[in-house]
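Participant: sequence? don't have it. structure:
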């Protein structure tokens, strides 16, 4: 009986000392330091740390389909930025020199709030409510007709960015364009894209038609100067364009307008943008110079 009791005590002593042995072995184990990763610019994520959102998403307010207007093709010189051949993740991309007649089939995707308000490849600000798109090799800017081959819907977009960098995808659409093509809910869709070529104007009038007017995009008429000024500050921050407030005769009502614009096309572009975004009843007004 006494020998059994002694064996029992030895077992207890062994159990109580085992944690100390384990901790000691951990302390004696040398810490393994991982070697630093080699700098490889061709395989780095170009957008790492750039965006405040980790994952892309749609906004709370989706554009109203009937208010979405196609981009209007016009001649534009190539942007200073975004038109050089480039390498990304070890792959070389060559910008198309002459895109006239260019067509392509593949899949379209879209990009939303993660990229909204950030710079595109040519330095413009991405706006989910503009009819724009990204392409890997078309000159910037380019105008493209996109056809959803699943449902036959079409849209005309202005290419001002680079992407999408996923196999099989040929174009990344803004939210507005994706809405018009019914791509948003599906995420991707099979498409055909066709470049719309616009010839270079041969006259000064073709470059910039001289008119005796300034153009404004009127958004609203509000009661009170303070409310008008508050709206002015908000619009200037949102759109980055001049905002004009004007008192209506001797009343307390103030017109709130974007502009002035020197040509109607520029005003129309902004009108299309604000109608999709927040002001479906906005319209263009003219003022003599």
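Facilitator: Thanks, I have the structure now. For clarity, every value in this text was computed on a predicted model and none was experimentally measured.
Participant: what bridges to residue 173?
Facilitator: Applying DSSP bridges to residue 173 gives these bridge partners: residue 110, residue 133.
Participant: next one: it from residue 73, what distance?
Facilitator: Remark: distance between residue 173 and residue 73 (CB to CB, to the nearest Å) = 17 Å. Yep, even glycine has a C-beta here, placed from its N, CA and C like the rest.
Participant: buried ones in stretch 175-194?
Facilitator: By neighbour count with 16 or more other CB atoms under 10 Å, stretch 175-194 contains the buried residues 175-181, 183-184, 188-189, 191-194.
Participant: what about these, which are in helices?
Facilitator: 175, 176, 177, 178, 179, 180 (DSSP state H).
Participant: as CSV, these with distance to residue 202 and pLDDT would be great.
Facilitator: CSV is the format used below for those (distance: CB to CB, whole Å; pLDDT from 0 to 100):
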residue, distance to residue 202, pLDDT
175, 37, 90
176, 33, 89
177, 31, 94
178, 36, 94
179, 37, 93
180, 33, 94
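Participant: thought residue 155 was touching residue 132?
Facilitator: No: using CB atoms under 8 Å, residue 155 is not in contact with residue 132; the gap is 10.7 Å.
Participant: who touches both of these two?
Facilitator: The contact sets of residue 155 and residue 132 overlap at residue 177 (CB atoms under 8 Å, 6 or more residues apart in numbering).
Participant: the two: which is more packed in?
Facilitator: residue 155 (26 against 23; other CB atoms under 10 Å).
Participant: now do the SS call for that one.
Facilitator: Secondary structure, DSSP: H, G, I helix; E, B strand; the rest coil: residue 155 is strand.
Participant: next up, the contacts around it.
Facilitator: Counting by CB under 8 Å, 6+ apart, residue 155 touches 68, 70, 131, 145, 146, 173, 177, 180, 181.
Participant: please apply the same query to residue 144.
Facilitator: Counting by CB under 8 Å, 6+ apart, residue 144 touches 133, 135, 138, 156, 157, 158, 159, 171, 193, 194, 195, 196.
Participant: mind doing that once more with 6 Å?
Facilitator: 157, 159, 193, 195 (CB atoms under 6 Å, 6 or more residues apart in numbering).
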